[in-house]
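Trainee: Quick one, what's the 3D model for this:
(chains A and B)
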Amino acid sequence: MNSGVLIAALLFWVAAWLANMWLVRLRPAHQPLTQSINLLIPALFGAALIALWEGITVGFNIPSVLLPPPSMIWARITSSVDILWADFYQTFLKAVLAGYAIGCASGFIAAVVVDRVPFLRKGLLPVGNLVAALPVIGIAPIMVMWFGFDWHSKAAVVVVMTFFPMLVNTVAGLAASGAMERDLMRTYASGYWQTLVKLRLPAAMPFIFNALKINSTLALIGAIVAEFFGTPIVGMGFRISTEVGRMNIDMVWAEIFVAALAGSLSYGLLALIERAVTFWHPSYRS
Amino acid sequence: MRERTGLSGIFYDRVLPVGTVVAVIVVAWYAFAVLLNAPFERDQAARAGTEISTSQLVSNTMAQDRPVLPAPHQVASEIWETTALKKITSKRSLVYHGWITLYSTLMGFVLGTGLGILLAVLIVHSNILDKSLMPWIITSQTIPILAIAPMLIVVLNAIDLSRFLPDALAGTHVEYIVKDVLPKALISAYLSFFPVAVGMVKGLRSPDVMHLDLMRTYNSSRSQVFWKLRWPSAVPFLFTSMKVAVAISLVGAIVGELPTGAVAGLGARLLTGSYYGQTIQIWSALVSAAVLAAMLVMLVDLSSRIVMNRMGMAR
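Mentor: The predicted structure follows:
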C-alpha cells in the first residue's frame, strides 16, 4: 500500500473541485476571460481525473496488467513513437481517410440524386434509415474476405459505414430550406442547379456537418474493428488485439490514446470548418 | 403531384417505392452472386477439362458450399435450418446465439440508459458538473470506444468479477450473469449512455422559461419542478435517444463477443464464420443481427407511441 500517493491524489481532487466551484461562480466582465475560464474548468477536471487514476493504481498497487497508471502509459507512448506512427499511418492515413472520403462523397451524391427523384426518396429513405440503425460493423469479415488483409478491406468497411448516415442526413438537409425561400428563388427564375447551389445546399450544411462529425468517429471504429478480422502485421486494431493477448496493456492504452487524439482532433477540425461555413446559423450567431 | 390518401396512399407512398427498392436490392444481390462466384466455377471446369454452359454456370454459382457471396435463398434456407429446424438449446441454433447477444444487449441498454439519465439529472442541477463533465462526455464519444472492447473483455475476464460474489450464489444464474454477460453489457452500456445523457440534458432543459417561472410562483421545490415539469417534458427526448441507444447497444454486444475467443453469440458466429470461410454462416448471422436491430428499434418506437398517447402528447 502506497498511501502517500493516494492521499496526494485525493487532495489534488478536492483542491481541483474547490477551484472549479470558485471558477464557476466568477462572472468576469471580459468576454475572452469567460472563454478561458470555460476551457480551464474541464481541463482542471480532466487533470483531477488523471491524478485520481494515478493515485488509485499506484496507491492500491493494482497490477499493471489490469490498469496501468497514466505515467506508465505516457512512458510507453514516448518510447514507442515509431510503432505508433506506423500503426497510425496504416490505419488512419490509409484506410480511414480513403474510406471516409469515398463514403461521404458517394453518400452525398446519392442524396442529391435521391432528392431529385421523389419515387426514390420514398423508397430509399426508409431502407436507408433502417440500414443506418443496423450493426453494419458485421460486414467487416466479409470485406476482409473480398478485399484482402491490407488497408483496402478496412476502407471498404468505412465506406459502407459512412455512406448511410451521410445519405439520410443530406436528404433531410436538402428538405430543410423553407417553402418561402424556394418560392423566392422561383420568382427570380432560377433553375434547379441555381436553387440547389445557392439555397438548398447552404441550408443543408448543418445537417451535412452533423453527418461528417458522426462519420468521423464511425470511420475510426470501423477501421479498427475490421482489423480484428485479419491484417498485415501493422495497424492500430492489429496492435490492440495482439498486445491484449501478450498482456501488454500499457501498449494498448497507448494506441487508445493515439486513437482518442486522432478522433478528437478530427472532430475539432470539423467543428471549426462548420463554424466557418455555417456562420449564419442561429447557434453560432448569439 | 396529386395527394393520395387512405389505403391507396399507403400503397403508392410506402409499399410501392420501398418494395421496388427492396426488389432492386435482391436482384442486384443475385447478379453480384453470379458475377462474384463465377470465377471459381470456371476454374473448376477448366481443371476438369470440360466446358461449362452458361445456364449450368448460373445454377452452380447459386449452390456453392463456400461462395464468395451467397445468394439470398441460400442465406434464407440457412437461417430457416438454424432457427426452426434446430433445438433452441443446440449450439448450432441461431436462436441460441441470438438470445445470448440479445441478453447482454438489453442489460447494457438498461445500464446505459440508467447511467445516462442519472448523469443528465446531475448535469442539469449542478453548474460545476455542467461545465466540467459535459465537455468530457462529448470528448468520450470522439474516442473509438469499440477499440477498447477487446481489452475490457480480457481484463474483466482476468479479474473475474464473480469472485466477489458470496459463495451461496456459486453455480447459479447470478454467477453466469456476472461472469459472462456483464463484461459485454458494460461495453453496450458505455456506448449507449452517451445519446441518452445528451438527449436528456436537452430534454430536461426544454421547458419554457415561462413554465419554470410559473413553477416558481407556485413556490414549488426543486424536486417538484423536476417531477412535474422537467421530467414530463424530457420524455419525448428520452425515447428519441433510446432508439439510437438500443441500436448502438447491439453493436456493442456483437463487438464484445469477438475477443472472447468465439464462444457464443452472433459476434462469435461472425468470427468463426470468418475463420473457417463459412460465408453463408456469416451472412445468416448478419441478417439475424439486422432483424434483431430492426425489432429492437421498432419496440422502442412502439412503446414511445403508447407512452406519448397516455401522456396526451401524441402527434
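Trainee: Could you break the chain into its assigned domains?
Mentor: No chain in the question, so chain A it is. Per automatic domain parsing, the domain ranges recorded for chain A read A:3-59, A:77-285.
Trainee: The intended chain is chain B.
Mentor: Split by automatic domain parsing, chain B gives B:6-69, B:94-311.
Trainee: Turn those into a markdown table, including mean neighbour count.
Mentor: Every residue, glycine included, has its C-beta placed from N, CA and C. A markdown table is the format used below for the domains of chain B (neighbours: other CB atoms under 10 Å in any protein chain shown):
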| stretch | mean neighbour count |
| --- | --- |
| domain B:6-69 | 14 |
| domain B:94-311 | 19 |
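Trainee: lowest-confidence stretch among the ones you listed?
Mentor: Here the lowest mean pLDDT among the domains of chain B goes to domain B:6-69, at a mean of 79.
Trainee: for the stretch 1-150 of chain A, what are the low-confidence residue spans?
Mentor: A:1 (pLDDT under 70).
Trainee: rewinding a little: quick one: closest of the domains of chain A to B:Leu296.
Mentor: domain A:77-285 (8.8 Å; CB to CB).
Trainee: now the closest one, how far from the chain's geometric center?
Mentor: 9 Å (CA atoms, centre = their mean, to the nearest Å).
Trainee: swap in stretch B:114-132?
Mentor: 26 Å.
Trainee: coming back round to it: name the stretch among the domains of chain A that sits most buried.
Mentor: Comparing the domains of chain A by mean neighbour count (mean count of other CB atoms under 10 Å in any protein chain shown), domain A:77-285 ranks first with a mean of 19.
Trainee: For the domains of chain A, give me a markdown table that also has distance to chain B.
Mentor: Output for the domains of chain A, formatted as a markdown table (distance: least, CB to the nearest CB, whole Å):
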| stretch | distance to chain B |
| --- | --- |
| domain A:3-59 | 4 |
| domain A:77-285 | 3 |
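Trainee: SS state for the nearest residue to B:Arg92 once chain neighbours are set aside?
Mentor: Using CB to CB, 6 or more residues apart in numbering or on different chains and skipping residues adjacent in sequence, the residue nearest B:Arg92 is B:Lys86, 5.7 Å away. Under DSSP: H, G, I helix; E, B strand; the rest coil, the three-state class of B:Lys86 is coil.
Trainee: What parts of the stretch 151-300 of chain B come near chain A?
Mentor: B:151, B:154-155, B:158-159, B:243, B:247, B:250-251, B:254-255, B:258-259, B:266, B:270-271, B:273-274, B:277, B:279, B:282-283, B:285-286, B:289-290, B:293-294, B:297 (CB under 8 Å from any CB of the partner chain).
Trainee: what do you get if the cut-off is 7 Å, keeping everything else the same?
Mentor: By the rule CB under 7 Å from any CB of the partner chain, the part of the stretch 151-300 of chain B lying against chain A is B:151, B:154-155, B:158-159, B:247, B:250-251, B:254-255, B:258-259, B:270, B:273-274, B:279, B:282, B:286, B:289-290, B:293-294, B:297.
Trainee: Just list the residues touching A:Val5, thanks.
Mentor: A:55, A:58-59 (CB atoms under 7 Å, 6 or more residues apart in numbering or on different chains).
Trainee: ok, now how distant is it from A:Ala47?
Mentor: 16 Å (CB to CB, to the nearest Å).
Trainee: same check, this time on B:Tyr12
Mentor: From B:Tyr12 over to A:Ala47 the distance is 60 Å, taken as CB to CB.
Trainee: Likewise for A:Gly191?
Mentor: Following CB to CB, the distance that separates A:Gly191 from A:Ala47 is 57 Å.
Trainee: Please apply the same query to B:Thr272.
Mentor: According to CB to CB, B:Thr272 stands 45 Å off from A:Ala47.
Trainee: what's the answer for B:Ser104, then?
Mentor: 34 Å.
Trainee: just B:Arg222 next, same as before
Mentor: As judged by CB to CB, B:Arg222 and A:Ala47 stand 31 Å apart.
Trainee: before we move on, what about A:Val234?
Mentor: 33 Å.
Trainee: Let me know the distance separating B:Leu111 from B:Val181.
Mentor: 11 Å.
Trainee: I should have written A:Val197 there, sorry.
Mentor: 53 Å.
Trainee: And B:Pro39, by the same measure?
Mentor: 43 Å.
Trainee: for A:Tyr100, same thing?
Mentor: For A:Tyr100 relative to B:Val181 (CB to CB), the value is 34 Å.
Trainee: In terms of helices and strands, where is the spatially most central residue of chain A?
Mentor: In chain A, the residue lying closest to the centroid (CA atoms, centre = their mean) is A:Thr217, at 2.9 Å. Assigned by DSSP states H and E, A:Thr217 belongs to helix A:201-226.
Trainee: What of A:Leu97?
Mentor: A:Leu97 belongs to helix A:97-116, assigned by DSSP H and E.
Trainee: mind listing the helices for chain B?
Mentor: B:6-10, B:16-48, B:54-61, B:72-83, B:94-125, B:127-142, B:149-159, B:173-176, B:182-204, B:209-217, B:222-225, B:231-257, B:266-275, B:279-311 (DSSP state H).
Trainee: typo on my end, it should be chain A
Mentor: So, for chain A - with DSSP H - the helices run A:3-25, A:31-59, A:70-79, A:81-88, A:97-116, A:118-133, A:140-147, A:151-174, A:179-187, A:192-195, A:201-226, A:236-245, A:249-277, A:282-285.
Trainee: Taking the stretch 151-300 of chain B, what residue is nearest to chain A?
Mentor: Per CB to the nearest CB, B:Ser274 is where the stretch 151-300 of chain B lies closest to chain A, at 3.4 Å.
Trainee: Does that residue touch A:Pro141 like I think?
Mentor: Yes: counting by CB atoms under 7 Å, B:Ser274 does reach A:Pro141; the two are 3.4 Å apart.
Trainee: Which neighbours do those two have in common?
Mentor: Contacts common to B:Ser274 and A:Pro141, judged by CB under 7 Å, 6+ apart, are A:229, B:282.
Trainee: Please state the backbone phi and psi of A:Phe60?
Mentor: phi -90, psi 10 (degrees, to the nearest 10).
Trainee: B:Ile137 contacts B:Val196, correct?
Mentor: No: the criterion here is CB under 7 Å, and B:Ile137 misses it with B:Val196 at 10.8 Å.
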